[in-house]
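Undergrad: What shape does this take:
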Amino acid sequence: MSDGTLWFKAEDLDGLGRALFEAEGVPPGDAAIKSDCLVSANLRGVDSHGVARIPIYLKRLRSGLCKARPDIQVRRLTPVSALVDGDDGLGPVVSTRGMAECIAMAKQTGIGVVGIRRSTHFGMAAYYVLQALEADLVSFVFTNASRGMPAWGSIDPFLGTNPFAAGVPGGESGMPYLLDMATSVVARGKIRLAAQRGEAIPAGWALGPDGLPTTDGKEAMRGVVLPLAGYKGSGLAVLMDLLGGVMTGAAFAGLIRSAYNDWDAPQNTGHFFMCMRPDLFMPMAEFRMRMDVFVRRMKALRRTPDCAEILMPGEPETRKEAERRRTGIPLRPEPLAALAAEAEAGRITMPAGRAAPLG
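TA: All right, here's what the predicted structure looks like:
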């Protein structure tokens with residue numbers, strides 16, 4: 001029996017996203033960036049950061065807490081650093097501009113560092129790492145986020161799930177390193193999806209509002225998600241808040257507004273990007289050769305009985321993208337209904353999905 005899931009072509013969802021954002025006054029080029037960021041997340045299997053979030057972004061645009069046409073200001077501070085004021089624009093629009101500045105400095109000087117303030121939720125962190133990888137650059141992408149995780153030892157929400165993302169270009173084999181992980185045991189978006197569906201979550205993911213462990217998604221959303229690896233994940237989340245928030249002039253220490261729950265002021269999310277050339281210490285050809293050796297040696301390691309293949313960070317998502325470009329992107333009934341309602345309200349044609357994978 002079908003659970004109501006439908007499969008859509010990536011380009012159809014991208015077209016829908018562009019149309020919905022343009023209908024709210026977002027310029028076509030910016031709407032394209034925003035939609036591409038969301039669809040890219042779905043393609044890579046990061047559905048918690050995909051098109052299901054379109055309705056909340058539209059709601060914040062309508063509320064005036066996120067600007068359709070921000071006046072983004074970029075100020076070079078030194079030859080290797082810049083500060084971006086996002087003017088409360090859409091996170092992917094602000095962040096794509098910031099990463100472009102970071103790339104330009106790294107190409108010119110060998111390294112570039114960009115701080116971003118007055119941004120909003122920027123979606124999948126890997127989107128900006130991919131931007132740097134396309135330019136053959138090593139990158140680090142950090143952000144803070146609205147509170148939903150405690151500092152280690154507390155039960156109060158204070159830190160965001162503050163993702164840590166990084167990329168290193170590959171060798172001649174084309175196999176890069178791409179890590180994108182929440183500093184929580186799981187991305188909070190996955191708990192939100194479970195809560196929306198009335199599903200249980202695994203033990204060890206979250207505490208309820210009483211500070212006790214819970215497997216109830218709704219109770220978890222009222223409580224806190226736990227940090228990855230205990231105090232170690234908490235320490236990383238603190239670092240993301242210090243670099244993305246304290247250093248940039250953005251909100252920090254639990255003051256970043258939630259995209260879903262806070263409607264009194266803009267989010268003022270902060271990001272920190274760094275890029276550097278991989279040939280700083282050796283010729284590019286030698287670097288690429290050494291990357292190939294690394295990948296080859298890692299994949300040749302002996303495996304545990306339950307491991308079919310050793311993969312580089314980012315490789316599962318790359319394979320998922322190739323698969324979903326063939327089969328389409330699956331959307332469950334809840335996000336489908338919300339997207340259909342937005343399309344109907346904006347007199348935009350909802351693309352047709354299929355009840356089975358496309359290929």
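Undergrad: Can you mark which positions in the lowest-mean-pLDDT helix or strand in the chain are buried?
TA: Counting by mean pLDDT, DSSP states H and E, the chain has its least confident helix or strand at helix 188-197, which shows a mean of 84. Across helix 188-197, burial judged by 16 or more other C-beta atoms under 10 Å covers 188, 189, 190, 191, 192, 193, 194, 195, 196. Placement of C-beta: from N, CA and C, glycine included.
Undergrad: after it comes which helix or strand?
TA: Moving toward the C-terminus from helix 188-197, the next helix or strand (DSSP states H and E) is strand 206-207.
Undergrad: So what are the sheet partners of that following strand and their directions?
TA: Looking at strand 206-207 with DSSP bridges, its partner strands are strand 213-214 (antiparallel), strand 224-225 (antiparallel).
Undergrad: for residue 151, phi and psi?
TA: For residue 151, the backbone dihedrals (degrees, to the nearest 10) come out as phi -70, psi 150.
Undergrad: For the least confident helix or strand of the chain, which outside residues touch it?
TA: The list of residues contacting helix 188-197 from outside it, by C-beta atoms under 8 Å, 6 or more residues apart in numbering, reads 47-49, 52-53, 148-149, 161, 182, 200-201, 205-206, 217-218, 220-221, 225, 260, 332, 334.
Undergrad: quick one: which of those residues sit in helices?
TA: Mapping the contacts of helix 188-197 onto helices (DSSP state H) picks out 217, 218, 220, 221, 334.
Undergrad: Give me the pLDDT for the last one.
TA: Same thing as residue 334. If you check residue 334, the pLDDT there is 90.
Undergrad: residues near it, how many?
TA: Other residues within reach of residue 334, judged by other C-beta atoms under 10 Å, total 13.
Undergrad: Which stretch among the strands paired with strand 206-207 approaches residue 18 most closely?
TA: Residue 18 lies closest to strand 224-225 among the strands paired with strand 206-207, at 31.8 Å (C-beta to C-beta).
Undergrad: How far away from the center of its chain is that closest one?
TA: Its chain's C-alpha centre and that of strand 224-225 lie 18 Å apart, by C-alpha atoms, centre = their mean, to the nearest Å.
Undergrad: and what of stretch 157-175?
TA: Per C-alpha atoms, centre = their mean, the centroid offset for stretch 157-175 relative to its chain is 10 Å.
Undergrad: Check stretch 55-66 too.
TA: The chain centroid and the centroid of stretch 55-66 are separated by 18 Å under C-alpha atoms, centre = their mean.
Undergrad: What are the buried residues along it?
TA: 55, 57, 58, 59, 60, 61, 65, 66.
Undergrad: what sits up against it?
TA: So stretch 55-66 is in contact with 20-21, 24-26, 34, 67-68, 88-90, 120-121, 257, 259-260, 263, 265-267, 338-339, 341-342, going by C-beta under 8 Å, 6+ apart.
Undergrad: Now, those that are in helices?
TA: 20, 21, 34, 338, 339, 341, 342.
Undergrad: Report how many residues lie close to the fourth one.
TA: Each residue near residue 338 was counted by other C-beta under 10 Å, and the total is 18.
Undergrad: What are the boundaries of the strands in the stretch 1-150 of the chain?
TA: Taking DSSP state E, counting those that start in this stretch as the criterion, the stretch 1-150 of the chain contains strands spanning 6-8, 73-78, 81-85, 111-119, 138-143.
Undergrad: what's the closest of those to residue 291?
TA: Here strand 138-143 is closest among these (C-beta to C-beta), at 11.0 Å.
Undergrad: What pairs with that closest one, parallel or antiparallel?
TA: Here, using DSSP bridges, strand 138-143 pairs with strand 164-168 (antiparallel), strand 269-276 (antiparallel).
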